[in-house]
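> My questions are about this predicted structure, shown below with the sequence.
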Amino acid sequence: DAMTMDIHYNKHHSAYVKNVNDAIAAENISFSTEKDFFANASKLSAKAKNNGGGSWNHNFFWQVMAPSTGGAPAGKVAEALNGAFSTFDKFKEQFTQAAMGRFGSGWAWVVNDNGKLKIGSTANQDNPLMDSSELKGTPILALDVWEHAYYLKYQNKRNEYVANWFNVINWDEVAKRLG
Ligand code: MN
């Protein structure tokens, strides 16, 4: 809904961006790419790591959503998901389990790990690009399961938020990330 997205983008995401920039300046962090920044996440301060993740994860999240895209993907995304998870319904079930099973705040992901699609989740603002992450790979889809992402509309019903989110996945953007 509009109010959730307004606060999410203009307050939450905005704060992550400000705070990571403050940390980069204060700590003289000089990685030239996002990839290098996250590959060295375990050596960063908590402020740099958490807010760097928060900045990147939300940038990604906005791009893989669009208004009312509804339902299952077609073309190469459908083929890739069917190849990895057998059917779209099975994929949806596993992804929903990852989103529901993340205790507390975090993210559910689909990643490409050396050509193999995997579903998993990370805590807080961690992401699969971080050297410290158990789930590794190039993200192709992400879902924010922090309460700030759904609480105004759905309160404690994360399951309804996850179910309805499947109607706004931008499969064209997912296709681009699939390569
Ligand atoms: Mn968020």
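Everything's here; your move. Residues are numbered from 1 along each chain as shown.
> mind listing the strands in this structure by residue range?
In the chain, the segments counted as strands under DSSP state E are 106-113, 116-123, 138-144.
> Around the ion, pick out the residues from the protein.
For the chain, the residues in contact with the ion (C-beta under 5 Å from the ion) are Asp144, Trp146, Ala149. In this view, the C-beta of every residue, glycine as well, is placed from N, C-alpha and C.
> circling back to that earlier point, let me have the strands of the chain in TSV, adding mean pLDDT, distance to Phe91 and mean neighbour count as columns.
Listed next are these as TSV, based on pLDDT from 0 to 100; distance: least, C-beta to C-beta, whole Å; neighbours: other C-beta atoms under 10 Å:
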stretch	mean pLDDT	distance to Phe91	mean neighbour count
strand 106-113	98	8	23
strand 116-123	98	8	18
strand 138-144	98	10	22
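> Which among these is found nearest to Phe37?
Nearest to Phe37, of all the strands of the chain, is strand 138-144, at 14.8 Å by C-beta to C-beta.
> Partner strands of the closest one and their direction?
strand 106-113 (antiparallel) (DSSP bridges).
> OK, now which residue of this structure is nearest to the ion?
Asp144 (4.2 Å; C-beta to the ion).
> Contacts only, for that residue.
Residues near Asp144 by C-beta atoms under 8 Å, 6 or more residues apart in numbering: His8, Asn57, His58, Phe61, Trp107.
> Report the angle between the longest helix along the chain and strand 106-113.
Counting by DSSP state H, the longest helix found in the chain is helix 46-63. Going by axes from the mean of the first three to the mean of the last three C-alpha atoms, to 10 degrees, helix 46-63 is angled at 70 degrees with respect to strand 106-113.
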